[in-house]
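> Sequence and predicted structure are below.
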Amino acid sequence: MDLTTHIGDSLHTDYFQLREEFTPEQLEYLQRARDFVQGEVLPSINGYWERAEFPWPLVEKMGAAGLVGDGIAGYGCPDMDALSAGLIHMEINRGDGSLGTFLGVQAGLAMRSIAMLGSEEQKQRWLASMARVDKLGAFALTEPDHGSDSVGLETSARRDGDSYVINGSKKWIGNGSIADVVVVWARDVADSQVKGFLVEKGTPGYRARVIEGKGLLRAVWQAEIDMTEMRVPAENKLPRAESFRDCAAVLATTRATCAWAALGHAVAGYDAALAYAKRRTQFGKPLVSFQLIQDRLVKMLMKVTAMQLYCRRLADLALAGRVEPTLAGLAKAHNTSTARVVLAEARDLLGGNGILLDFHVVRHFADIEAIHTFEGTEAMQTLIVGRDITGVSAFA
């Protein structure tokens, strides 16, 4: 019996019947994303991940399927609400964390920066082609010496005639080596405020190299970037990006996305564990016939359903325009830490097979570590929420 067959196909996770409340449009997006994952992603992603190869055919098909847009209204983006966008992020990450990270960078960071902070001309120029994935985007905030404290970034921008001259370095920039447009965050020397700039491919002074040797998110390329006397036309400045607060507003939306992504990873682990336990025989009986296995599966389901309820409430608040940074931070911290527990349990339940890519779990087991870290670690989110509930800032 081939135990890899149907791994991840059970999808028995809607225990609280949340789908009954979905609109036909939301259900259609869920099914479309699920069909893409089942038909395109799962049959091929292990090879890309193992080779650390960027999955160009998959990202192109994702764009063609109308799954890239993150709920941005108009400008050629797919017409989807916040819940539909969350379901897409959940499903893509259920397929693979590298693809999920690509979607988060492309739509959640790069496109959303332009949609929230860009000019009408910038939106018209970039958003439709990025939604189709004809053009790739990146979001360059993190620096070699500024990760959690990105507010202290040192990349500088100075006005010189009709241009800004930018100098500095960035690190861990998804798509940074292949993007057609990079949203670069730099400190304006004129007023010391952090501002955003659109840097187009081929701009002199921009150099990027792919970070190698990663043990996770291997099928998406992050880059180290050096910018030396890089000239950017003044019209490429994002007009509504006038301080780090504006950058933080973009990040608040993507922290909610991280909660959905973590849910997708956890569902992948639970589904694989359930399917495996049904098919694996030990001591003459299927694993699911043992009390210990049922106990472990139920406790995994408890965690998955709690994560679902976090995400569903986030979507409701997003539709009402009420997702505060503290709420997004609480959901991100809860879901990423919970997903780590679920995936560790799934990997252990599969025994030795749990470390084989054929069973998918180990890929998610590795990739969840990245989601747990980026967009603000659990420690940073707890400090944000802690400040809100106590009124006291404990940041060093």
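Received it, and whenever you're ready, just let me know what you need. Numbers count the residues shown, from 1 in each chain.

> downstream neighbour of the lengthiest helix in the chain in the secondary structure list?
Secondary structure of the chain per DSSP state H: the longest helix is helix 244-279. Using DSSP states H and E, the helix or strand that follows helix 244-279 in sequence is strand 281-282.

> Could I get the average pLDDT for that following strand?
Averaged across strand 281-282, the pLDDT comes to 91.

> Also stretch 198-212?
Stretch 198-212 comes out at a mean pLDDT of 98.

> How far does it sit from its chain's centre?
Offset of stretch 198-212 from its chain centre (C-alpha atoms, centre = their mean, to the nearest Å): 22 Å.

> List the buried residues for it?
198, 199, 203, 206, 208 (16 or more other C-beta atoms under 10 Å). (C-beta placed from N, C-alpha, C; glycine too.)

> which residues make contact with that stretch from outside it?
The contact list for stretch 198-212 (C-beta atoms under 8 Å, 6 or more residues apart in numbering) reads 52, 114, 118, 122, 126, 140, 166, 171-173, 176-177, 179-184, 221-232, 236-238.

> domain assignment for the chain?
Here the domain assignment for the chain is 18-131, 137-242, 245-390, based on automatic domain parsing.

> Please name whichever of those domains is nearest to residue 2.
domain 245-390 (8.9 Å; C-beta to C-beta).

> any low-confidence regions in the stretch 1-150 of the chain?
The stretch 1-150 of the chain contains residues with pLDDT under 70 at 1, 3-11.

> ok, now with 90
Residues of the stretch 1-150 of the chain meeting the criterion pLDDT under 90: 1-17, 145-150.

> What of the stretch 151-300 of the chain?
Residues of the stretch 151-300 of the chain meeting the criterion pLDDT under 90: 151-152, 248-249, 251-256.

> For it, which segments are assigned as helices?
Under the criterion DSSP state H, counting those that start in this stretch, the stretch 151-300 of the chain contains helices at 244-279, 291-319.

> Tell me the helices and strands packed up against the first one.
Helix 244-279 sits against helix 82-95, helix 97-103, helix 112-117, strand 194-200, strand 285-286, helix 291-319, helix 325-349, helix 361-373, with contacts defined as 3 or more C-beta pairs under 8 Å, 6 or more residues apart in numbering; DSSP states H and E.

> Please work out the angle formed by the directions of the helix or strand hosting residue 31 and helix 291-319.
Counting by DSSP H and E, the element that carries residue 31 is helix 24-36. Put simply, helix 24-36 runs at 130 degrees to helix 291-319, going by axes from the mean of the first three to the mean of the last three C-alpha atoms, to 10 degrees.

> Tell me if I'm right that residue 274 and residue 267 touch.
No - contact criterion C-beta atoms under 8 Å: residue 274 and residue 267 do not qualify, at 10.4 Å.

> can you list the helices of the stretch 151-300 of the chain in JSON lines and add distance to residue 29 and mean neighbour count?
Below are these laid out as JSON lines (distance: least, C-beta to C-beta, whole Å; neighbours: other C-beta atoms under 10 Å):
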{"stretch": "helix 244-279", "distance to residue 29": "13", "mean neighbour count": "25"}
{"stretch": "helix 291-319", "distance to residue 29": "12", "mean neighbour count": "17"}
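
> So for residue 40, which of those sits nearest?
Closest to residue 40 of the helices of the stretch 151-300 of the chain is helix 244-279 (C-beta to C-beta; 15.5 Å).

> who touches residue 104 in this structure?
Residue 104 makes contacts with 89, 174, 254, 257, 258, 261, as judged by C-beta under 8 Å, 6+ apart.

> before we move on, the earlier item: drop anything exposed from the contacts of stretch 198-212.
Buried, going by 16+ other C-beta under 10 Å: 52, 114, 118, 122, 126, 140, 166, 171-173, 176-177, 179-184, 221-225, 227, 230-232, 236-238, out of the contacts of stretch 198-212.

> Find the nearest non-adjacent residue to residue 134, please.
With sequence-adjacent residues excluded and distances taken as C-beta to C-beta, 6 or more residues apart in numbering, residue 134 is closest to residue 63, at 7.3 Å.

> Next, the one you found: secondary structure please.
For residue 63, the assignment made with DSSP: H, G, I helix; E, B strand; the rest coil gives helix.

> Count the neighbours of it for me.
Other residues near residue 63 number 22, with proximity taken as other C-beta atoms under 10 Å.

> Return the residues in contact with it.
Contact partners of residue 63, counting by C-beta under 8 Å, 6+ apart, are 131, 132, 133, 134.

> PyMOL command for the buried members of those residues?
Here is the PyMOL command that selects the buried residues among those (16+ other C-beta under 10 Å):
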select buried, resi 131+132+133
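
> quick one: which of the contacts of residue 63 is nearest residue 96?
For the contacts of residue 63, the residue nearest residue 96 by C-beta to C-beta is residue 133; the value is 15.9 Å.

> is it true that the closest one touches residue 58?
No - using C-beta under 8 Å, residue 133 is not in contact with residue 58; the gap is 10.1 Å.

> Nothing else from me, thank you.
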